[in-house]
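> Need coordinates for the below:
(chains A and B)
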Amino acid sequence: DAGVIQSPRHEVTEMGQEVTLRCKPISGHNSLFWYRQTMMRGLELLIYFNNNVPIDDSGMPEDRFSAKMPNASFSTLKIQPSEPRDSAVYFCASREPGGQPQHFGDGTRLSIL
Amino acid sequence: AQRVTQPEKLLSVFKGAPVELKCNYSYSGSPELFWYVQYSRQRLQLLLRHISRESIKGFTADLNKGETSFHLKKPFAQEEDSAMYYCALSTSNYQLIWGAGTKLIIKP
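Prediction:
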């Protein structure tokens, strides 16, 4: 298995632009997690899905952030409009039904100018 | 409250010296604990889980329920061990509670 696949690996854009991050979980995994990692705040859980349904989005910073999982093999995290403080590494992780561990993707390094 | 505490943000030791990365947890149920490692600009990778009771890359971690700890240890540090280490606790609904992480630097 190729593992969790995220795209793009790097994204640099100007503030105010829409940003879309993508994630393909490991086949057969039914839970998907979006994390944000910064030097100041460490690793933060933004949202997670179980069987394509959002279960807990309490970590989503504000309404500018949205996440979808239209099917078991694809999820997006969208920021609109983006701001410089959104600059971070965004990780996607997935896990198999009813157990650990979570498997992480390589992350998207996002820079908002 | 469910919580994972890694008291050291940064730990620096010399090559060949013993390493201990501290992790304490607060959880009312039966804990399942993990250590993840993140090498520079790479993904987080599972290093150890307490139920496996195995040694990976020379690292071990023992769950101490009395002290509510799951410290990560290695008797002789190597330069390639330099990385960020996260301790995590699995809850009853399989979510992970993460510690803040400890940056380990191995000096030559």
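> would you say B:Glu80 is within a helix?
Yes: with DSSP: H, G, I helix; E, B strand; the rest coil as the criterion, B:Glu80 is part of a helix.
> what is the nearest residue to A:Asp57 once chain neighbours are set aside paired to in the beta sheet?
Distance criterion C-beta to C-beta, 6 or more residues apart in numbering or on different chains; nearest residue to A:Asp57, sequence neighbours excluded, is A:Ile47 at 4.3 Å. Glycine gets a C-beta too; all of them are placed from N, C-alpha and C. Here A:Ile47 sits in beta bridges with A:Trp34, going by DSSP bridges.
> Just the element for B:Thr60, please.
B:Thr60 belongs to strand B:60-61 when elements are defined using DSSP states H and E.
> What pairs with the very next helix or strand once past that strand, parallel or antiparallel?
Following strand B:60-61 in sequence order, the next helix or strand is strand B:72-74 (DSSP H and E). Within its sheet, strand B:72-74 is paired with strand B:19-21 (antiparallel), strand B:60-61 (antiparallel), according to DSSP bridges.
> where's strand B:72-74 relative to the chain centroid, distance-wise?
Centroid separation for strand B:72-74 versus its chain: 8 Å, with C-alpha atoms, centre = their mean, to the nearest Å.
> helices or strands next to whatever helix or strand comes next after it in the packing?
Note on strand B:72-74: by DSSP H and E, the next helix or strand toward the C-terminus is strand B:83-90. Secondary-structure packing of strand B:83-90 (3 or more C-beta pairs under 8 Å, 6 or more residues apart in numbering or on different chains; DSSP states H and E): strand B:3-5, strand B:32-38, strand B:96-98, strand B:102-107.
> OK, contacts around B:Ala77?
By C-beta atoms under 8 Å, 6 or more residues apart in numbering or on different chains, the contact list for B:Ala77 reads B:13-19, B:106.
> do A:Ile5 as well
By C-beta under 8 Å, 6+ apart, the contact set of A:Ile5 is A:23-24, A:105.
> what about A:Thr76, helix or strand, and which?
Counting by DSSP H and E, the element that carries A:Thr76 is strand A:74-79.
> Please list the residues of chain B that sit near chain A.
Applying C-beta under 8 Å from any C-beta of the partner chain, we find that chain B lies next to chain A at B:32, B:34, B:42-46, B:49, B:86, B:90, B:94-96, B:98, B:100-101.
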